[in-house]
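K.L.:
with the sequence up front, the predicted model follows.
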Amino acid sequence: MKEDTHRIPPHKDHNDPERRDRASRSNLWRTLLLLLFLCFGGSQVGARSPKSVEFQLLSGMCSLKRGCRLEGRLIRTSRWLKNKPRSRGESFMAAFRRFTRPRVSFAPVKVTLGSYQRPVFTDHRGYFQLKTPFPKLIPRAFNPHHKGKRLFPYTFSPWRVPMSALLSGLLLWQAEYIPKPGSRYLPTQAQSYAVYPRSRRGISIVSDIDDTLIKTYVTQKRKLLKQFLFRNAEQIPVVPGGLSFLRQVLRSPSNLGGGTLHYLTGSPVAIYDRVRRLFRVRSFPPGALHMKRLTGLYKDPLQHSYLYKLRKLRAILTMYPKRRFLLLGDSGEKDPEVYVQIRKEYPKQVVAIYIRAVPRSTFRKTRCLGMFVFHDYPQAIQHARKAGWIKK
């Protein structure tokens, strides 16, 4: 009699630890693939349809003798960044997409500043920068806080510029992207402004942003991460009195016109939309915005803010050699060390240094020799009024 070769399959033990581990790993991979699909558009449905792109235009600098320096970036738009985040999850996805959305590489961009037009190409990371001569004809000026006003032409030999440009110190420039036929991207354009001091002499301001004008808690990493990932621009608190201090110095007779404010931050260009929205919501005084590049041909060091800020400050002070500068920062990072080195290199241009004492920072008096250290901005305003930087 033949033996029955059919074997009964073993009973599946659902409490087996190995089986549970394999199932959890499988679920983890499925979740990761689903996130990649949702974030990077892994579906091929509608892949041939043109994609929308947008510019990130940093504020430029202009000088009569040294021309204008303009820079920006061309990247893909993201639906997570179009509207204001309504929940913590949407804020997290917006923060994630700021660093992961695709760039538009080697794209032709036409830059217009007054009557001057120049084509330029983006690099492999979507960045572009150029130096142009000062425009001979400026059709209009751009002031984000005075919309709808008529612009009266004013002859300023040998350049013809509007009166509002002379008073506000802001010159409009435009970047335009026109793709080739058959391209997978849609055309787009954007406008920004370049600062232009009315006088070669006077007082200019270079100010840090993080923990100087807004509370980002750089020295408290847990609060910093929470604010960056789960809060939008409207929820970021402003340091009381900081914007009032800037406005009073800008209105001082020693300032001699507008276009004299520079925001120097160690934040990356990836959060450009967040910073711009913060400026608009909180009504920051208009000025040039300098941000850190983490990628591209001219990338800045990720962790060495000291070298990055030194290079930017040298470029600003070299651009305006006859103007005097008031430097504003905080004790949370390397601002005192950077400003001391700049004062050694440009002793005639740096006239005052103001340092805000940040709580829980390694503060020593030797770091801030020859600087005015304050805890609240009313102290800084009172000191600046006595020194003559603010009108009494």
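P.N.:
Ah, there it is. Numbering: from 1, shown residues only.

K.L.:
which residues of the stretch 201-350 of the chain fall in helices?
P.N.:
221-230, 242-250, 272-282, 305-319, 335-345 (DSSP state H, counting those that start in this stretch).

K.L.:
those: which one's closest to Val358?
P.N.:
helix 335-345 (9.8 Å; CB to CB). C-beta here means a position set from N, CA and C on the backbone, and glycine is covered the same way.

K.L.:
what average pLDDT does that closest one get?
P.N.:
For helix 335-345, mean pLDDT rounds to 93.

K.L.:
packing partners for the very next helix or strand once past that helix?
P.N.:
As assigned by DSSP states H and E, the chain's next helix or strand after helix 335-345 is strand 350-356. Counting contacts by 3 or more CB pairs under 8 Å, 6 or more residues apart in numbering; DSSP states H and E, strand 350-356 packs against strand 324-330, helix 335-345, strand 372-374, helix 377-387.

K.L.:
quick check: which of the ones you listed is buried the most?
P.N.:
strand 324-330 (a mean of 23; mean count of other CB atoms under 10 Å).

K.L.:
strand partners (parallel or antiparallel) of that one?
P.N.:
strand 203-207 (parallel), strand 350-356 (parallel) (DSSP bridges).

K.L.:
turn those into a markdown table, including distance to Tyr185.
P.N.:
Shown next, in a markdown table, are the strands paired with strand 324-330 (distance: least, CB to CB, whole Å):
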| stretch | distance to Tyr185 |
| --- | --- |
| strand 203-207 | 36 |
| strand 350-356 | 43 |
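
K.L.:
what's Asn232 sitting at in phi/psi?
P.N.:
The phi/psi pair for Asn232 (degrees, to the nearest 10) reads phi -100, psi -180.

K.L.:
any idea how far it is from Phe99?
P.N.:
16 Å (CB to CB, to the nearest Å).

K.L.:
give me the more crowded residue out of these two.
P.N.:
Under the criterion of other CB atoms under 10 Å, the comparison of Asn232 against Phe99 puts Asn232 first, with 18 against 10.

K.L.:
the more buried one reaches Phe92, doesn't it?
P.N.:
No - assessed by CB atoms under 8 Å, Asn232 is found out of contact with Phe92, at 11.0 Å.

K.L.:
okay, Leu307 and Ser78: tell me how far apart.
P.N.:
31 Å.

K.L.:
the more surrounded of these two?
P.N.:
Ser78 (19 against 13).
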